[in-house]
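Chemist: model this:
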Amino acid sequence: MDSNLHSLARQLIECRIEHADLDATIDRLADAVPTDELLLRRLKKRRLALRDRIERIERELDPQEPA
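Modeler: Residues are numbered from 1 along each chain as shown. Got it, this is the predicted structure:
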(Lines give C-alpha, C1' and ligand atoms only; values in the text may rest on other atoms or scores of the structure.)
Protein backbone atom coordinates (compact mmCIF):
# COMPACT_ATOMS: atom_id res chain seq x y z
CA MET A 1 0.00 0.00 0.00
CA ASP A 2 2.82 2.41 0.83
CA SER A 3 4.27 1.96 -2.66
CA ASN A 4 0.94 3.12 -4.16
CA LEU A 5 1.20 6.40 -2.27
CA HIS A 6 4.39 7.27 -4.14
CA SER A 7 3.76 5.61 -7.49
CA LEU A 8 4.36 7.59 -10.65
CA ALA A 9 0.71 7.28 -11.64
CA ARG A 10 -0.40 8.80 -8.34
CA GLN A 11 2.17 11.58 -8.60
CA LEU A 12 0.89 12.34 -12.09
CA ILE A 13 -2.69 12.61 -10.86
CA GLU A 14 -1.68 14.87 -7.97
CA CYS A 15 0.33 17.14 -10.27
CA ARG A 16 -2.55 17.40 -12.74
CA ILE A 17 -4.95 18.33 -9.94
CA GLU A 18 -2.56 20.96 -8.59
CA HIS A 19 -2.04 22.32 -12.12
CA ALA A 20 -5.80 22.64 -12.64
CA ASP A 21 -6.16 24.38 -9.27
CA LEU A 22 -3.41 26.83 -10.22
CA ASP A 23 -5.13 27.51 -13.56
CA ALA A 24 -8.33 28.43 -11.75
CA THR A 25 -6.50 30.58 -9.21
CA ILE A 26 -4.54 32.40 -11.91
CA ASP A 27 -7.73 33.08 -13.87
CA ARG A 28 -9.43 34.54 -10.78
CA LEU A 29 -6.41 36.69 -9.90
CA ALA A 30 -6.04 37.97 -13.47
CA ASP A 31 -9.63 39.25 -13.34
CA ALA A 32 -9.20 40.87 -9.92
CA VAL A 33 -8.73 44.62 -9.59
CA PRO A 34 -6.14 45.59 -8.51
CA THR A 35 -4.04 42.72 -9.82
CA ASP A 36 -1.21 41.40 -7.66
CA GLU A 37 1.38 41.07 -10.42
CA LEU A 38 4.04 39.51 -8.20
CA LEU A 39 1.72 36.79 -6.94
CA LEU A 40 0.47 36.17 -10.46
CA ARG A 41 4.03 35.75 -11.75
CA ARG A 42 4.90 33.34 -8.94
CA LEU A 43 1.81 31.23 -9.58
CA LYS A 44 2.52 31.10 -13.31
CA LYS A 45 6.09 30.02 -12.62
CA ARG A 46 4.83 27.27 -10.29
CA ARG A 47 2.31 26.17 -12.93
CA LEU A 48 5.07 25.97 -15.55
CA ALA A 49 7.24 23.88 -13.22
CA LEU A 50 4.30 21.54 -12.63
CA ARG A 51 3.73 21.19 -16.36
CA ASP A 52 7.38 20.23 -16.80
CA ARG A 53 7.11 17.70 -13.98
CA ILE A 54 3.93 16.23 -15.52
CA GLU A 55 5.73 15.80 -18.83
CA ARG A 56 8.69 14.08 -17.12
CA ILE A 57 6.39 11.67 -15.27
CA GLU A 58 4.47 10.90 -18.47
CA ARG A 59 7.74 10.09 -20.25
CA GLU A 60 8.74 7.77 -17.40
CA LEU A 61 5.38 6.00 -17.50
CA ASP A 62 5.36 5.65 -21.28
CA PRO A 63 8.89 5.91 -22.66
CA GLN A 64 9.18 6.46 -26.40
CA GLU A 65 11.10 3.65 -28.00
CA PRO A 66 12.71 4.02 -31.39
CA ALA A 67 10.78 2.29 -34.14
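
Chemist: and residue 35, what is it in contact with?
Modeler: By C-beta atoms under 8 Å, 6 or more residues apart in numbering, residue 35 lies in contact with residue 29. For the C-beta atoms, the positions are set from N, CA and C on the backbone; glycine is no exception.

Chemist: low-confidence stretches in this structure?
Modeler: Of all residues in the chain, those with pLDDT under 70 make up the ranges 1-3, 5, 66-67.

Chemist: all the helices of it, residue numbers only.
Modeler: Per DSSP state H, the chain carries helices over the ranges 2-5, 8-31, 37-61.

Chemist: report the buried residues of the second one.
Modeler: When neighbours are counted by 16 or more other C-beta atoms under 10 Å, the buried residues of helix 8-31 are found to be 11, 12, 15, 19, 22, 26.

Chemist: chain neighbours aside, what residue packs nearest to the first one?
Modeler: Nearest residue to residue 11, sequence neighbours excluded (C-beta to C-beta, 6 or more residues apart in numbering): residue 57, at 5.8 Å.

Chemist: same check on the third one?
Modeler: Spatial nearest neighbour of residue 15, excluding adjacent residues (C-beta to C-beta, 6+ apart): residue 54 at 4.9 Å.

Chemist: pretty sure residue 58 contacts residue 12?
Modeler: Yes: at 6.7 Å, residue 58 and residue 12 qualify as touching, with contact defined as C-beta atoms under 8 Å.

Chemist: can you list residues touching both of the two?
Modeler: Among the neighbours of residue 58, none is also in contact with residue 12 (C-beta under 8 Å, 6+ apart).

Chemist: contacting residues around stretch 36-46?
Modeler: 22, 25, 26, 29, 30.

Chemist: output those residues in a markdown table; the columns should cover distance to residue 62.
Modeler: Below are the contacts of stretch 36-46 laid out as a markdown table (distance: C-beta to C-beta, whole Å):
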| residue | distance to residue 62 |
| --- | --- |
| 22 | 24 |
| 25 | 29 |
| 26 | 28 |
| 29 | 34 |
| 30 | 33 |
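
Chemist: please consider this matter closed, and thank you.
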